[in-house]
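> Turn this into a model:
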Amino acid sequence: MKKRFFLTSILFTIIGISSFAQIHEPVKFKTEIKKLSTTQAEIIFTGTIEPGWHVYSTDLPSGGPISATFNVDKMEGATLDGKLKPIGKEIENFDKIFEMNLRYFGGTAKFSQKLKLTAPSFHVAGYLEYGACNDESCLPPTEVPFSFSGKGPENAVTDRTKESESATKEVNDSDKSIMINEDSLAQAELAVNDTASVENFWTPVIKELNNFGGENGSTANRSIIYIFLTGFIGGLLALFTPCVWPIIPMTVSFFLKRSKDRRKGIRDAWLYGVSIVVIYVTLGLAVTLIFGASALNALSTNAIFNIFFFLMLIVFAISFFGAFEITLPSKWSNAVDSKAEKTSGLLSIFLMAFTLALVSFSCTGPIIGFLLVEVSTTGSIVAPAIGMFGFALALALPFTLFAMFPSWLKSMPKSGGWMNVIKVVLGFLELAFALKFLSVADLAYGWRILDRETFLALWIAIFGLLGLYLLGKIKFPHDDDETKIGVPRFFMALISIAFAIYMVPGLWGAPLKAVSAFAPPMKTQDFNLYNNEVHAKYDNYDFGMETAKREGKPVMLDFTGYGCVNCRKMEAAVWTDSKVSQIINNDYILITLYVDDKTPLAEPIKIIENGNERTLRTVGDKWSYLQRSKFGANAQPFYVLIDNNGMPLNKAYSYDEDIDKYVDFLQTGLNNYKK
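Residues are numbered from 1 along each chain as shown. Model prediction:
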């Protein structure tokens with residue numbers, strides 16, 4: 001039955017193979033063999049990796065992503081000389097999800113396997129298997145086949161029979177595998193069991209799936225918008241600090257008075273704003289150039305960098321609390337200011353903007369520092385420049401707008417103690433975010449001083465104290481003695497205290513979706529009373545589909561992997577939501593398929609895919625092939641809803657932690673199933 005089933009599935013796959021529109025190949029390998037001597041050769045694998053993707057190295061710890069491995073199908077006249085070795089500069093970082101140090105390559109991956117030649121001629125065939133991921137998805141274990149023959153030492157004598165038995169894992173195609181090609185299509189059709197519906201489960205539905213709108217793929221755009229908004233909010237906060245707000249009316253008045261022509265004054269103000277943007281965007285680009293693209297991608301998990309960020313944010317927070325001020329040498333700002341007075345035209349305006357950047361550094365420096373840390377650890381190469389563009393735009397807008405509408409200056413709030421309140425609030429926020437980076441270092445070194453409940457307890461204390469400060473119960477050195485609390489300040493205090501109370505159930509294991517991106521993993525929680533987790537009852541596609549058909553329920557397919565980081569994020573942040581878990585548990589048959597499951601198949605299966613011969617050796621190979629052949633996709637996480645006959649009920653869904661969108665995704669599938 002199993003063979004007939006696969007014959008049928010291959011038949012449908014070949015018919016629909018031209019529709020593979022979503023298959024992504026971010027890594028391309030080439031292989032070559034080099035003769036090192038008469039008795040030694042070396043097989044080299046060189047991979048070109050698209051930006052944002054990385055290929056994992058060899059010998060990674062168990063329980064983590066898939067390691068690169070060298071696999072032999074046939075070997076004659078040669079033996080392996082050592083293990084597969086990575087070549088070049090590896091990136092090594094602590095991964096917060098897997099809680100282990102991982103090594104990988106970015107840009108280019110290179111591996112080498114040496115052979116000892118033992119006969120006058122040799123032949124070796126097999127494949128390199130590797131895993132690749134980016135920030136959103138992972139590929140299933142991927143094979144790079146190779147086959148090489150050549151001459152060995154002429155005087156070598158070997159017993160090829162014994163060598164073949166000890167050094168190869170050759171499969172007898174006649175009784176242990178199935179070879180499918182165009183000549184066997186007629187036999188495949190005859191092999192269909194008319195009384196079975198299992199063949200429908202494997203019928204390609206790529207076109208039908210795309211008719212729903214294809215795979216959800218807006219994460220990258222949202223990431224850029226998020227980075228820009230983060231910078232813009234930081235710029236707005238900087239505006240209301242004592243170092244920037246008082247300068248606005250003075251600067252605008254200067255531009256309007258330096259020229260009798262109001263249009264020229266407005267033009268100068270515009271140029272001033274553009275100069276501010278240029279200065280800060282240049283700073284963002286400089287961060288990328290100094291650290292490099294690969295370093296920025298590594299910041300999010302590198303323990304040493306995270307310790308540095310933690311200490312830096314602590315210093316910034318203490319500065320905002322009023323213990324000291326972080327200032328640049330006064331001679332720098334004086335020199336630039338003097339240069340601005342001696343020059344004219346565009347250069348003079350640019351130098352004035354540069355003077356603002358230097359003079360306001362004591363207030364903007366901590367905000368810029370936190371912003372660069374936050375956006376750099378997103379892993380995006382352009383993140384610092386985008387973040388600084390948002391920051392500079394918010395900072396430059398008031399100067400331009402007040403120059404265009406000078407009457408607005410009269411309605412500006414006067415400088416006062418409220419600006420120091422903003423500084424102190426920022427100090428509390430930087431103190432809270434500093435713990436996020438300490439958490440990564442804590443996990444890296446196994447200190448276990450910042451488990452999830454400890455982290456939450458500190459955040460509860462920080463935001464509780466922030467609420468008390470806003471209510472006037474706590475004073476810092478630069479605060480005035482005013483006892484009246486304004487309405488905006490009262491509501492800020494209310495929000496802060498409410499947020500602290502919201503986190504209290506997390507001490508007993510509540511998921512706390514609002515802070516799941518910052519808190520340590522749930523597995524570090526020592527005391528956990530929460531059990532609202534979603535687990536699949538089926539990890540076999542065929543059995544799960546038969547059950548769904550008997551029970552009359554739609555199916556949710558979860559293509560995942562043991563080494564898929566974002567799969568774990570979706571399960572922790574989205575599936576634990578009560579609305580999501582209720583729909584999945586009650587209304588769907590959930591089938592989870594691990595594409596990197598290394599359990600061997602009872603019988604290896606050879607297929608023809610895209611004109612190339614492939615062998616399905618493991619359970620993971622089988623499910624990966626199902627994802628490619630039926631749905632035309634190969635990245636994880638990948639969620640698709642189907643009916644009892646394997647037909648799609650909605651567009652596919654990938655990595656997106658928006659719970660409302662996920663609920664809509666599930667509900668739409670249910671509605672279409674009922675129709």
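> from here on, contacts and neighbour counts on C-alpha atoms
OK.
> In contact with Ile225: list those residues for me.
Ile225 makes contact with no residue under the criterion Cα atoms under 8 Å, 6 or more residues apart in numbering.
> If we use 10 Å, what do you get?
Taking Cα atoms under 10 Å, 6 or more residues apart in numbering as the criterion, Ile225 is in contact with 219, 231, 386-387, 390.
> Throw the residues you listed into CSV and include pLDDT and neighbour count, thanks.
As requested, the contacts of Ile225 are exported to CSV (pLDDT from 0 to 100; neighbours: other Cα atoms under 10 Å):
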residue, pLDDT, neighbour count
Thr219, 44, 15
Gly231, 88, 30
Ile386, 87, 26
Gly387, 86, 32
Gly390, 90, 24
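> From Arg103, how far off is Ala441?
As defined by Cα to Cα, to the nearest Å, Ala441 lies at a distance of 17 Å from Arg103.
> pLDDT of the helix or strand hosting Leu429, averaged?
Element membership for Leu429, per DSSP states H and E: helix 417-445. Across helix 417-445, the average pLDDT comes to 84.
> other SSEs contacting that helix?
Contact analysis of helix 417-445 by 3 or more Cα pairs under 10 Å, 6 or more residues apart in numbering; DSSP states H and E lists strand 91-95, strand 100-105, helix 219-239, helix 303-320, helix 361-376, helix 452-470, helix 487-503 as its packing neighbours.
> And these: which comes nearest Leu346?
helix 361-376 (23.0 Å; Cα to Cα).
> And the helix or strand harbouring Gly150, what's buried?
Gly150 is part of strand 142-151 when elements are defined by DSSP H and E. Burial within strand 142-151, assessed by neighbour count using 16 or more other Cα atoms under 10 Å, is assigned to 142-147, 151.
> quick one, phi/psi of Asn211?
For Asn211, the backbone dihedrals are phi -60, psi -20 (criterion: degrees, to the nearest 10).
> For it, which non-adjacent residue is spatially closest?
Spatial nearest neighbour of Asn211, chain neighbours left out: Lys651 (7.8 Å); criterion: Cα to Cα, 6 or more residues apart in numbering.
> The one you found and Lys606: what is the separation?
With distances taken as Cα to Cα, Lys651 is found 30 Å from Lys606.
> What is the burial count for the residue nearest to Asn211?
A total of 21 residues lie near Lys651 under the criterion other Cα atoms under 10 Å.
> pretty sure it is in a strand, no?
No: secondary structure of Lys651 (DSSP: H, G, I helix; E, B strand; the rest coil): coil, not part of a strand.
> so it touches Tyr662, yeah?
No: between Lys651 and Tyr662 there is no contact under Cα atoms under 10 Å: 11.5 Å.
> Spit out the residues that contact these two alike.
Common contacts of Lys651 and Tyr662 (Cα under 10 Å, 6+ apart): Thr668.
> would you list every one of the helices in the stretch 251-400 of the chain?
Using DSSP state H, counting those that start in this stretch, the helices assigned to the stretch 251-400 of the chain run over residues 262-291, 293-298, 303-320, 330-342, 345-359, 361-376, 383-404.
> Tabulate those (CSV), appending distance to Phe463.
Compiled in CSV, the helices of the stretch 251-400 of the chain are given as follows (distance: least, Cα to Cα, whole Å):
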stretch, distance to Phe463
helix 262-291, 30
helix 293-298, 30
helix 303-320, 14
helix 330-342, 35
helix 345-359, 31
helix 361-376, 18
helix 383-404, 25
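> can you tell which of these is closest to Phe29?
Closest approach to Phe29 among those (Cα to Cα): helix 293-298, 20.2 Å.
> Could you pull up the mean pLDDT of that closest one?
Computed over helix 293-298, the average pLDDT equals 52.
> same thing with stretch 459-470?
For stretch 459-470, the mean confidence score works out to 96.
> For the residue nearest to Asn211, list the residues it contacts.
By Cα under 10 Å, 6+ apart, the residues touching Lys651 are 208-216, 639-642, 665, 668-669.
> so which of these comes closest to Gly77?
If you rank the contacts of Lys651 by distance to Gly77 using Cα to Cα, Tyr639 comes first, at 46.7 Å.
> correct me, but that closest one touches Glu571?
No: under the criterion of Cα under 10 Å, Tyr639 makes no contact with Glu571, lying 11.8 Å away.
> out of the helices of the stretch 251-400 of the chain, deepest packed?
Among the helices of the stretch 251-400 of the chain, the stretch with the highest mean neighbour count (mean count of other Cα atoms under 10 Å) is helix 383-404, at a mean of 25.
> Tell me the helices and strands packed up against that one.
In this structure, helix 383-404 makes packing contacts with helix 219-239, helix 247-257, helix 262-291, helix 361-376, judged by 3+ Cα pairs under 10 Å, 6+ apart.
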